[in-house]
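Engineer: what follows is a predicted protein model with its sequence.
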Amino acid sequence: MQHADRRKELGLFLRARRNQAVRVDYGLPPLSRTRERGLRREEVAFLSGVSVTWYTWLEQGRDINPSRQVLEAVGRALHLSDAGLDYVLSLGGYAAVGPGPAAAATAPAHLQRLLDALDPNPSFALFPDWGIAGWNSAYAALFPNIATVPAADRNLLWLVFTDPYVRDLLPDWEVTSQRFLAEFRAETGQRLGDVDVRNLVERLKSASPEFKEGWDRYDILGFESRERVFHHPGVGILTLEHHQLSPSDRPDLHLVVYTPAPGSGAGSLMGRLIPPASQESGAPAERG
């Protein structure tokens with residue numbers, strides 16, 4: 001992302017967080033009888049220990065170079081989460097920029113073999129723009145459309161917000177989809193100027209009202225391993241734990257692995273879901 005784009009994104013994010021701040025959390029009275037959210041710029045400036053003019057320039061995306069200490073102070077004043085503060089610092093140029101868009105369309109062969117070895121645990125690999133680089137048979141059994149979806153649409157965020165099967169697969173779709181969006185934004189903040197990421201966001205804004213509404217909220221969340229529930233049409237409810245890791249030799253890729261939640265019986269259900277004859281590689285190069 002270009003410097004000007006980062007300044008603009010930083011300003012938009014700070015303004016969104018300021019407008020969503022709950023005034024009572026700061027010991028401040030409502031702005032009106034019906035408006036309990038939102039801080040004034042001068043209030044954020046005072047809480048941050050910076051001038052109103054300087055903070056206003058931050059929100060306006062002016063060509064200034066705030067120090068790390070200033071950005072941390074603003075983040076604390078806005079009660080940002082750790083992920084939100086990391087996002088602000090990265091936009092200010094104080095965090096390492098992640099790898100750029102993937103040059104290849106598939107995961108390397110050794111990582112595809114790792115995915116296959118993880119069967120019957122549904123597993124897949126993500127590029128920085130959340131394009132799905134590879135998957136195993138268990139993931140194809142959980143989400144059969146992965147094998148036939150056009151390569152241009154084989155993106156986790158796109159599928160979550162546009163594929164009816166995925167919406168039916170997730171009983172808590174309203175919550176999970178917005179969490180994915182917040183995690184995506186946290187991971188791709190410095191790449192929003194990249195053509196692939198920018199096009200994905202614009203396509204999703206047009207295709208999904210829920211995405212557009214969530215995007216405009218500027219929620220930011222870091223990934224956390226957690227329990228996920230799927231309603232599979234073939235075997236019913238699957239309760240799985242959602243994990244994510246990055247290979248040390250390919251830090252641009254995230255490997256996502258779903259393991260059976262303790263006591264859920266999901267392991268035996270996944271075993272029933274995957275016929276032995278279907279144990280084959282899920283590399284996009286072979287399937288799409």
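Structural biologist: Yes, it's here.

Engineer: strands of the stretch 1-150 of the chain, start to end?
Structural biologist: Listed in chain order, the strands of the stretch 1-150 of the chain (DSSP state E, counting those that start in this stretch) span residues 123-126, 132-135.

Engineer: give the closest residue to residue 42 in space, chain neighbours not counted.
Structural biologist: residue 52 (4.9 Å; Cβ to Cβ, 6 or more residues apart in numbering). No exception for glycine: its C-beta is placed from N, CA and C like everyone else's.

Engineer: where does the stretch 51-200 of the chain have low pLDDT?
Structural biologist: Where the stretch 51-200 of the chain drops to pLDDT under 70, the residues are 95-105.

Engineer: hang on, the earlier thing: would JSON lines of the strands of the stretch 1-150 of the chain with mean neighbour count and distance to residue 189 be doable?
Structural biologist: Compiled in JSON lines, the strands of the stretch 1-150 of the chain are given as follows (neighbours: other Cβ atoms under 10 Å; distance: least, Cβ to Cβ, whole Å):
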{"stretch": "strand 123-126", "mean neighbour count": "25", "distance to residue 189": "16"}
{"stretch": "strand 132-135", "mean neighbour count": "27", "distance to residue 189": "21"}
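
Engineer: JSON lines please, covering the ones you listed and showing distance to residue 37.
Structural biologist: Putting these into JSON lines (distance: least, Cβ to Cβ, whole Å) gives the following:
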{"stretch": "strand 123-126", "distance to residue 37": "34"}
{"stretch": "strand 132-135", "distance to residue 37": "37"}
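
Engineer: what's the closest of those to residue 229?
Structural biologist: Closest approach to residue 229 among the strands of the stretch 1-150 of the chain is made by strand 123-126 (17.9 Å; Cβ to Cβ).

Engineer: now the residue minimising distance to the centre of the chain: how far from residue 22?
Structural biologist: Note on the chain: the residue nearest the mean C-alpha position is residue 184, at 2.0 Å, using Cα atoms, centre = their mean. Distance, residue 184 to residue 22, using Cβ to Cβ, to the nearest Å: 25 Å.

Engineer: re the thing from before, the residue nearest to residue 42 contacts residue 58, doesn't it?
Structural biologist: No: using Cβ atoms under 8 Å, residue 52 is not in contact with residue 58, being 10.7 Å away.

Engineer: ok so, going back, between the strands of the stretch 1-150 of the chain, which one is nearest to residue 160?
Structural biologist: Nearest of the strands of the stretch 1-150 of the chain (Cβ to Cβ): strand 132-135, 11.3 Å.

Engineer: partner strands of that closest one, with direction?
Structural biologist: strand 123-126 (antiparallel) (DSSP bridges).
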